[in-house]
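**Q** sharing a model that was predicted from the sequence below.
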Amino acid sequence: MLFEYSAFHPLGKLNRKKLESFLQQVWKDRYIAYAEEFFEENTAPEEEKQSQPFLKFDGNDFKTQNFIGFIQQDGETIEIYPKVFKREPSVSKALMLDHIFYWFSYCSKLHFPVLDSSLDKQDADPLPELLIWHFANYTAEVIATQPYSQYEEVTEVLYSPKGRIDFSAYIRNGMTTGNYHHIDCVHEPFLYDNTLNRAIKYVCRLLQSSTKLASTQSLLQQITFQLDEVEDVPCSASDLDTVSLNPLFTEYATIIEWCKRILNQQLYSSHTYDSLQWALLLPMEYVFEDFVLGFVRKHFGNVYKVHAQKSDLYLSDSPKAFQMQHDIFLEHRKTGERIIIDTKYKPRWDLRHTDIKQEMAQSDMYQMVSYAYRRGCENVILLYPNTSEELADDYTFCIPSGLGEGIINVKVSEVPFWSKNNQKVIEEGLMKALASLLNIN
């Protein structure tokens, strides 16, 4: 078990060349759970962007970066956990997994099936096992309660016309060979044996070869049994790009996204299911931002209009340059008050009361003040994750205008993001902290 930005570790049984090639493909496809915005905002030089950012290699040793999740290859698993737990040896792996899935439950762009029912973390100790169990449990329930059928275009030779006639094929295959009664028809029957169900069945076969947990194996077998009438064939993620869901089957959207992720990261033979390798790697800056966004939207959306990644203005209008992008932008539904919220996944481990900058980077201050003046906004809030059960005191910087008009209030605040206790402590603490920051009684 490793944490973000760990020291170098030996690769052990893993082959560096094969692992590096796999991670490069993951980076190229960007299939790491809707983190596209993070990559687009990455300010690294273009040549650095071409290289995978997940692990740093030095000979046969590797070092983790700012991503959490896992990499599974050749029966070996690398698990990476958030650095906020690094200095808390009393926090168990099970509690960290509880936190991760709690954060996922608020992440609006992650689209992962987080279930209220929990699995015994001793049985599902590795993170991949727990993820597969959640996927299998959700998929089994959806398929059992809402079997999916769809109209799918089929081309076949019939004795009487059906749908539309493919005249070019009919002339080529029927008329020129004297088989006038063989009519090439294109029609759309309502099928249970369709592209989506084939992909789900294939993914479940792949996962069966990867999981060792009996309860997960049982769920995956249940799914393949329910899809017994569906043809058992290899599928690719591109096959799922052709699926257009009817509004009645919105529950399948999550299944499609995760099937795509797995299919885009696996190497397989068309004859076997035993060569699955896959990864789930998430930049924690993005997880923290998306978690706070989802929390604010759910609990305070009735008071504020909540905008994510609002980028409708430029610092310069003539010419239009230096586009602004706020993590979270709030507009009060009654008063019109505007607040910019910026999330900073930078635990302030060694914060001292005498630190007049509150460990805030000068570039961050410049950015927030320029955004606030351009937006005509008096209040900016910078949110940091807590570093202990006791939150550091809030601190407000008052930035006067050189033009003699108005003051920008930049408030720096720690909020509950983790706890050595349970999720209820985080939920209640975060509600209280945000309500105070947003002046909500």
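**A** Right, received. Where do you want to start?

**Q** separation between Ser6 and Leu220?
**A** Taking C-beta to C-beta, to the nearest Å as the measure, Ser6 falls 32 Å from Leu220. Every residue, glycine included, has its C-beta placed from N, CA and C.

**Q** what mean pLDDT does stretch 318-327 have?
**A** Mean pLDDT, stretch 318-327: 84.

**Q** buried residues, that stretch. List them.
**A** Met324, His326, Asp327 (16 or more other C-beta atoms under 10 Å).

**Q** picking up where we left off before, between Ser6 and Leu220, which is the more surrounded one?
**A** Ranked by neighbour count (other C-beta atoms under 10 Å), Ser6 and Leu220 place Leu220 first, with 27 against 16.

**Q** near His99, how many other residues are there?
**A** When neighbours are counted by other C-beta under 10 Å, His99 comes out with 21.

**Q** what does it show for phi and psi?
**A** phi -60, psi -50 (degrees, to the nearest 10).

**Q** where in the stretch 151-300 of the chain is pLDDT low?
**A** Scanning the stretch 151-300 of the chain for pLDDT under 70 picks out the ranges 265-276.

**Q** where do the strands sit along it?
**A** Under the criterion DSSP state E, counting those that start in this stretch, strands of the stretch 151-300 of the chain are mapped to 154-158, 164-165, 183-187, 190-191, 278-283.

**Q** who does the second one pair up with?
**A** Spelled out, it's strand 164-165. Using DSSP bridges, strand 164-165 pairs in its sheet with strand 183-187 (antiparallel).

**Q** for the strand it pairs with, C-alpha coordinates in PDB please.
**A** Provided in PDB are the C-alpha atoms of strand 183-187 (Å, rounded to 0.1, in the frame of the first residue of the first chain):
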ATOM      1  CA  ILE A 183     -34.000 -10.500 -51.000                       C
ATOM      2  CA  ASP A 184     -31.400  -8.600 -49.100                       C
ATOM      3  CA  CYS A 185     -33.300  -6.600 -46.500                       C
ATOM      4  CA  VAL A 186     -32.200  -4.100 -43.800                       C
ATOM      5  CA  HIS A 187     -34.500  -3.900 -40.800                       C
END
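
**Q** mind listing what's buried in it?
**A** Ile183, Asp184, Cys185, His187.

**Q** what angle do strand 154-158 and it make with each other?
**A** 150 degrees (axes from the mean of the first three to the mean of the last three C-alpha atoms, to 10 degrees).

**Q** how far away is the residue lying closest to Val306 once chain neighbours are set aside from Thr242?
**A** Leaving aside its sequence neighbours, Val306 sits nearest to Arg297 (C-beta to C-beta, 6 or more residues apart in numbering; 4.6 Å). With distances taken as C-beta to C-beta, Arg297 is found 32 Å from Thr242.

**Q** the longest helix anywhere in the chain packs against which elements?
**A** Using DSSP state H, we find that the single longest helix of the chain is helix 127-145. Applying 3 or more C-beta pairs under 8 Å, 6 or more residues apart in numbering; DSSP states H and E, we find helix 127-145 packed against strand 67-73, helix 93-106, helix 195-208, helix 214-226, helix 252-264, strand 278-283.

**Q** nearest to Gln25, out of those?
**A** Closest approach to Gln25 among the helices and strands packed on helix 127-145 is made by helix 252-264 (8.5 Å; C-beta to C-beta).

**Q** and that closest one, what does it pack onto?
**A** Helix 252-264 packs on helix 127-145, helix 195-208, helix 237-240, strand 278-283, going by 3+ C-beta pairs under 8 Å, 6+ apart.

**Q** now the helices for the protein?
**A** Using DSSP H, helices in the chain cover 16-29, 36-41, 46-49, 93-106, 127-145, 167-173, 195-208, 214-226, 237-240, 252-264, 284-300, 362-375, 423-437.

**Q** tabulate those helices (TSV), appending distance to Pro10.
**A** Formatted as TSV, these follow (distance: least, C-beta to C-beta, whole Å):
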stretch	distance to Pro10
helix 16-29	10
helix 36-41	29
helix 46-49	25
helix 93-106	21
helix 127-145	21
helix 167-173	60
helix 195-208	29
helix 214-226	30
helix 237-240	33
helix 252-264	28
helix 284-300	24
helix 362-375	37
helix 423-437	35
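
**Q** ok, which of these comes nearest Asp61?
**A** Nearest of the helices of the chain (C-beta to C-beta): helix 16-29, 9.1 Å.

**Q** now the angle from that closest one to helix 252-264?
**A** Using the same axes, to 10 degrees: helix 16-29 against helix 252-264 is 140 degrees.

**Q** pLDDT of helix 16-29, averaged?
**A** The model assigns helix 16-29 a mean pLDDT of 85.

**Q** buried ones in it?
**A** Buried-residue list, helix 16-29, by 16+ other C-beta under 10 Å: Leu19, Glu20, Phe22, Leu23, Val26, Trp27.

**Q** now stretch 343-351
**A** Thr343, Lys344, Tyr345, Pro347, Arg348, Leu351.

**Q** between the residues you listed, which sits nearest Leu206?
**A** The closest of the buried residues of stretch 343-351, once distances to Leu206 are taken by C-beta to C-beta, is Tyr345, at 32.7 Å.

**Q** give me the contact list for stretch 247-258.
**A** Stretch 247-258 is touched from outside by 111-113, 135, 138-139, 142, 146, 148, 196, 199-200, 240, 243, 245, with contacts defined as C-beta atoms under 8 Å, 6 or more residues apart in numbering.

**Q** repeat for stretch 179-192
**A** Counting by C-beta under 8 Å, 6+ apart, 147-166, 169-170, 173-174, 229-230 sit against stretch 179-192.

**Q** from one end of that stretch to the other, what's the distance?
**A** From its first residue to its last, stretch 179-192 covers 31 Å (C-alpha to C-alpha, to the nearest Å).

**Q** stretch 233-243: end-to-end distance?
**A** 17 Å.

**Q** scratch that, stretch 226-233 is what I was asking about
**A** Stretch 226-233: ends 16 Å apart by C-alpha to C-alpha.

**Q** now stretch 319-326
**A** For stretch 319-326, the end-to-end distance is 21 Å (C-alpha to C-alpha).

**Q** then stretch 300-317?
**A** OK, stretch 300-317 end separation, C-alpha to C-alpha: 32 Å.
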